[in-house]
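A.B. asks: okay, sequence plus prediction incoming.
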Amino acid sequence: MSKADKKLVIFSDIDVEKALKNALQKTRPDIIGEVRDSGLKGRGGAGFPTAVKWNLAAAAQGERKFVICNADEGEPGTFKDRVLLTDYAEQLVAGMVLAAYAVGAKDGIIYLRAEYTYLKKDLEATIEKMRGKKMLGKKILGKEGFDFDVHIHMGSGAYICGEETALIESLEGHRGEPRNRPPFPVTVGYLGCPSSVNNVETFITALHIVEKGAKWFKTFGTEKSTGTKLFSISGDCEKPGVYELPMGITIKKLLETVGGEDAKAVQVGGASGTCVPRKDFERVIAYEDVATGGSIIVFGPHRDMLEVAINFMEFFCEESCGQCTPCRLGTETLLEGLDMLDEGRCSLKYLRELCALGETMQLSSKCGLGQSAPNAFLSIIENFKSEIFDTRCSCR
Amino acid sequence: MLASERDQLKAEINKMAKKYDHHRSGLIPVLQLVQNVSRHISPEAMQDIAEAFKIHPVEVQGVVSFYSFLSTEKKGKFVIRLCRTISCDMAGKEAVANQLENELGIEFGETTTDGMFTLEFTNCLGMCDQGPAMLVNDDIHTKVTPEKVADIIESYRSRFGAHVIQGEHA
Ligand SMILES: Cc1cc2nc3c(=O)[nH]c(=O)nc-3n(C[C@H](O)[C@H](O)[C@H](O)COP(=O)(O)O)c2cc1C
Ligand code: SF4
Ligand code: FES
């Protein structure tokens, strides 16, 4: 149900073969330079500058290099990559070819989550078709010395494998437990080789940028958050779906677009994001304010925010890989605390201790999962504490 | 498991492992194959897999236990995975869950005695704008309502003829 009526960047028309041909006429530094000038930041959530990542991978020593597409989309409330994988697969693969050319990789892998197995057949057909058109394989589009091919690797059901080092562990046949960083995958990645891991949307956006120019891209968005972004919108609104919107849009404007004006709160960034209450709807969605990988969940006036917090914390308890203590025990303890609140058995003093624990987890967890697991908890407690205490009583 | 069945599976394991030059990166693809073929990964299969990759069976066990789509317990022919995450929850997954239990006569986490259906919860399926969402094996179903549940189940039951009811894998 993609709302592709507004064709800004990602949904704008492009002749994929021509775009690749044009790109292959340019030098590698020119391509990375164009992406750098565009200010493109990774669309998978962390927001790392794409050109910096590609440049590090290009500069890294290694006989073999990999370009890896992170199609593990598992953040609650995110489904834009599913739309891209379904309707824009050719652009995705072309974006990977572009990245491979820029960093000097011969092998590409699409790590596709198990839940998207139903997309695999069509994706494989697209890849095969592109081989036929010489956009994959040896001497791509006649470019001497540029060989690159892509294959699909299926996930097996684990949210944590979206974290790039866990993803690599999983590719190598291990439990998806995040690694210590550094070294980063750009120097020591899959099979110990330099690897650039990027989100589906990042590859496609980069393809448009290299074809149409950094300047054009920067006509959208803000100074620090350039361009447009895909938003996956669900929850209590009239028109849920995938929207392409400029970065820097206010939450209020976004809610008007999707028919969710009466919302009491919005979760920006999925379970690992923050809950923004109505009084803050003038805030903007951008890396410099409220950041998101694209997940927007709308909560209508009647929603019980404690139930929301419990649902998110159950998610983290299930999905924590269990490797480090702050995350494994922290998520359990916070969930117990939420249950106590639900039963009207939680003192304010204990709630303060839980909030302090949340802050400790943010600082001391090994990876992004544990670091962000308390976010929703903390923002919901901060903004809806009185609602929660008013509606819960153990004497009932 | 019959000896001949084990040999057959072992042959498939080795064929797949060979595709990866018996490199560990082929481990999960092999596990996925075994899960598909025999609906679980038995201790015998784990031994054969460990041998194919020259690793300890405990290593294989560790990987199997990590991923929710791999299991040591035998699953039904059809695994129903209902999304329990927030957007589907708000869209009414509880009523769907209740009706699934009613129609199948089992609770979440269980498999029907005829070995046809396993019922599980899962996290976000990437269909949050069209919830409640659920997977039946690899097929996605969206905007599921309690009324639709019986039809969906029936459509899978009818895909398999009498041979399933006779219990080929009893
Ligand atoms: C727990 C966790 C889950 C993640 N899941 C995803 C995911 O599903 N897809 C994704 O692209 N990035 C995900 N990321 C971010 C990746 O680690 C990585 O930053 C990203 O793939 C890099 O691509 P980008 O620079 O194009 O955004 C996740 C990170 C964490 C900590
Ligand atoms: S923070 Fe959580 S998910 Fe990340 S490594 Fe530690 S236990 Fe695993
Ligand atoms: S919340 Fe159910 S599919 Fe995303």
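C.D. replies: Noted; the coordinates are in hand. Ligands and ions are numbered 1, 2, ... in the order given.
A.B. asks: would you verify that residue A:37 is located in a strand?
C.D. replies: No - Residue A:37 sits outside any strand when classified using DSSP: H, G, I helix; E, B strand; the rest coil, being helix.
A.B. asks: how much space separates it from residue A:30?
C.D. replies: 10 Å (Cβ to Cβ, to the nearest Å). In this view, the C-beta of every residue, glycine as well, is placed from N, C-alpha and C.
A.B. asks: between the two, which one's more packed in?
C.D. replies: residue A:37 (16 against 13; other Cβ atoms under 10 Å in any protein chain shown).
A.B. asks: so the closest residue to residue B:117 other than its chain neighbours, which of the three states?
C.D. replies: In space, and not counting its chain neighbours, residue B:117 is closest to residue B:76: 4.5 Å by Cβ to Cβ, 6 or more residues apart in numbering or on different chains. Of the three states, residue B:76 takes coil under three-state DSSP.
A.B. asks: what comes up buried for stretch A:192-201?
C.D. replies: A:193-201 (16 or more other Cβ atoms under 10 Å in any protein chain shown).
A.B. asks: report the two of the residues you listed separated the most.
C.D. replies: Among the buried residues of stretch A:192-201, the pair separated by the greatest distance (Cβ to Cβ) is A:193 and A:201, at 24.4 Å.
A.B. asks: can you map out the strands along chain B?
C.D. replies: Along chain B, the stretches classed as strands by DSSP state E are B:78-83, B:117-122, B:134-136, B:139-141.
A.B. asks: turn these into CSV, columns for mean neighbour count and mean pLDDT.
C.D. replies: Shown next, in CSV, are the strands of chain B (neighbours: other Cβ atoms under 10 Å in any protein chain shown; pLDDT from 0 to 100):
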stretch, mean neighbour count, mean pLDDT
strand B:78-83, 23, 98
strand B:117-122, 21, 98
strand B:134-136, 23, 98
strand B:139-141, 17, 98
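A.B. asks: CSV for the ones you listed, including distance to residue A:165?
C.D. replies: Formatted as CSV, the strands of chain B follow (distance: least, Cβ to Cβ, whole Å):
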stretch, distance to residue A:165
strand B:78-83, 27
strand B:117-122, 24
strand B:134-136, 27
strand B:139-141, 29
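A.B. asks: quick check, pLDDT for residue 113.
C.D. replies: Since you didn't name a chain, this refers to chain A. The model reports residue A:113 with a pLDDT of 98.
A.B. asks: wrong one, chain B
C.D. replies: Note on residue B:113: pLDDT of 97.
A.B. asks: same question, residue A:284
C.D. replies: Residue A:284 is given a pLDDT of 96.
A.B. asks: do residue A:4 as well
C.D. replies: 47.
A.B. asks: got it, and the one 3 residues further on?
C.D. replies: pLDDT, residue A:7: 79.
A.B. asks: tell me the spacing between the nearest residue to it once chain neighbours are set aside and residue A:210.
C.D. replies: Once flanking residues are discounted, residue A:7 sits nearest to residue A:13: 6.8 Å by Cβ to Cβ, 6+ apart. According to Cβ to Cβ, residue A:13 and residue A:210 sit 15 Å apart.
A.B. asks: ok, now residue B:127?
C.D. replies: For residue B:127 relative to residue A:210 (Cβ to Cβ), the value is 32 Å.
A.B. asks: just give me the residue closest to the centre of the chain.
C.D. replies: As the question left the chain open, I've gone with chain A. When Cα atoms, centre = their mean is applied to chain A, the residue found nearest the centroid is residue A:44 (2.4 Å).
A.B. asks: still on that earlier bit, so which of the strands of chain B is nearest residue A:326?
C.D. replies: strand B:117-122 (25.8 Å).
A.B. asks: tell me which helix or strand comes right after the helix or strand bottoming out on mean pLDDT in chain A.
C.D. replies: Lowest by mean pLDDT, DSSP states H and E among the helices and strands of chain A is strand A:2-3, with a mean of 47. Counting by DSSP states H and E, the element after strand A:2-3 in chain order, helix or strand, is helix A:16-25.
A.B. asks: need the residues that contact that following helix.
C.D. replies: In this structure, residues lying in contact with helix A:16-25 by Cβ atoms under 8 Å, 6 or more residues apart in numbering or on different chains are A:31, A:90-91, A:94, A:97-98, A:101, A:133, A:135, A:140-141, A:143, A:146, A:207-208, A:210-211.
A.B. asks: list the buried residues of that helix.
C.D. replies: A:16, A:19-21, A:23-24.
A.B. asks: hang on, the earlier thing: could you turn the buried ones of the contacts of helix A:16-25 into a ChimeraX selection?
C.D. replies: Buried members of the contacts of helix A:16-25 can be picked out in ChimeraX with the line below, counting by 16+ other Cβ under 10 Å:
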select /A:31,90,91,94,97,98,101,135,140,141,143,146,207,208,210,211
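A.B. asks: and residue A:320, what does it touch?
C.D. replies: A:160, A:327-328, A:331, A:369-370, A:373.
A.B. asks: what's the closest of those to residue A:318?
C.D. replies: After measuring the contacts of residue A:320 against residue A:318 - Cβ to Cβ - the closest member comes out as residue A:331, at 9.0 Å.
A.B. asks: thought the closest one was touching residue A:313?
C.D. replies: Yes - counting by Cβ atoms under 8 Å, residue A:331 does reach residue A:313; the two are 6.4 Å apart.
A.B. asks: quickly list what's touching both of these two.
C.D. replies: Taking Cβ under 8 Å, 6+ apart as the criterion, residue A:331 and residue A:313 both touch residue A:373.
A.B. asks: and residue A:370, how many neighbours?
C.D. replies: 25.
A.B. asks: so it touches residue A:361, yeah?
C.D. replies: Yes - shown here, residue A:370 and residue A:361 form a contact pair, counting by Cβ under 8 Å, at 5.6 Å.
A.B. asks: quick check: residues of the stretch 51-200 of chain A near ligand 1?
C.D. replies: A:70, A:72-75, A:160, A:162-164, A:197-199 (Cβ under 6 Å from any ligand atom).
A.B. asks: could you measure the residue lying closest to residue A:235 once chain neighbours are set aside against residue A:275, distance?
C.D. replies: Once flanking residues are discounted, residue A:235 sits nearest to residue A:298: 3.8 Å by Cβ to Cβ, 6+ apart. Applying Cβ to Cβ, the value for residue A:298 to residue A:275 is 11 Å.
A.B. asks: spell out which residues are contacts of both of the two.
C.D. replies: Common neighbours of residue A:298 and residue A:275 (Cβ under 8 Å, 6+ apart) are residue A:266.
A.B. asks: which strand or helix spans residue A:110?
C.D. replies: strand A:107-112.
A.B. asks: can you give me how far that strand is from the chain middle?
C.D. replies: Mean-position distance between strand A:107-112 and its chain equals 16 Å (Cα atoms, centre = their mean, to the nearest Å).
A.B. asks: for it, name the packing helices and strands.
C.D. replies: Counting contacts by 3 or more Cβ pairs under 8 Å, 6 or more residues apart in numbering or on different chains; DSSP states H and E, strand A:107-112 packs against strand A:66-71, helix A:89-103, helix A:120-132, strand A:149-154, helix A:164-171.
A.B. asks: so the helix or strand following the first one, near ligand 3 or not?
C.D. replies: Beyond strand A:66-71 on the C-terminal side, the first helix or strand identified by DSSP H and E is helix A:80-87. No - using Cβ under 6 Å from any ligand atom, helix A:80-87 stays clear of ligand 3, coming no nearer than 9.6 Å.
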